[in-house]
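> Take this sequence and fold it.
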Amino acid sequence: MRATRAGFTLVELLVIVLIVAVLAAVSIPQYQRSVETSRAQDAAGMANMLAATSRMYAMDHGNTFVRGDLPADGPCGSGSCGSGTDACDLVRCKYVADDDWGSKMWSFQMCRPAMAGGAGCCGDAEGVACASRKDTVRDPYRNWSYVVNTMGQITALPAGGFPTTAPEPIRP
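Sure thing, here's the model as predicted:
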C-alpha cells in the first residue's frame, strides 16, 4: 500500500508561479496607467482653477494677466499684493492659497493670452494656464501636458509641443 503525501508537486507549484507572473505582467502596467491618468486629471483640474483665478486677477487689475512659473523651489512666500505680472501675485493677492508647488509631480505655469511663444507649455496664443508633467516618470507619461485657454477649455497637448490641429478638448 502506498503512503499518501500532503502538499503540492513541483509541477503544480511551477504552474501557480507562472499564473501569478502572467497576472502581474498584465496588471502592473494597467495600474500605473490608472495612477498616471488620475494624476493627470488632478493636474488638469488644478490648471483650470489657476486659469480661473488668473482671469479674475486680470479683471481686477486692468486686464493684466500674470505670467511665469509657480516656483519649483517652494511656496511663493510673503510679499505685497501689487499689480505686477509675476505668477506669485495670485498667491500674494489671495486669489489662490500658497502651496509648495515644487513638491507636486506637475509644473504649473501662468500665461498671458496673445503672447504666444512663451516658455514651456505657454506657447499657445490663447493659453491662460498650463500644466506639464515633470521628468520623474518614464515615457509616455513624461510628455503629458495640458493648457487652459481664455474660455476655460482644457486641451491635452501632444508630446513635443503644440498641435497644428486642435486635439479633442477635455470636458471638466
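> For the lengthiest helix in the chain, enumerate the helices and strands it packs against.
When the chain is parsed with DSSP state H, its longest helix is helix 10-60. Contact partners of helix 10-60 among helices and strands, from 3 or more Cβ pairs under 8 Å, 6 or more residues apart in numbering; DSSP states H and E: helix 89-92, strand 106-110, strand 127-133, strand 145-149, strand 154-157. All C-beta atoms are positioned from the backbone trio N, CA, C, and that covers glycine.
> Return the most buried member of the ones you listed.
Comparing the helices and strands packed on helix 10-60 by mean neighbour count (mean count of other Cβ atoms under 10 Å), strand 127-133 ranks first with a mean of 27.
> What's the first helix or strand after the longest helix of the chain?
strand 68-69 (DSSP states H and E).
> Quick check: pLDDT value at the residue sitting nearest the centre point of the chain.
Nearest to the geometric centre of the chain sits residue 43, at 3.6 Å (Cα atoms, centre = their mean). Reported pLDDT at residue 43 in the predicted model: 89.
> pLDDT below threshold where in the chain?
Along the chain, segments meeting pLDDT under 70 span 1-2, 72-75, 77-78, 83, 114-125, 158-172.
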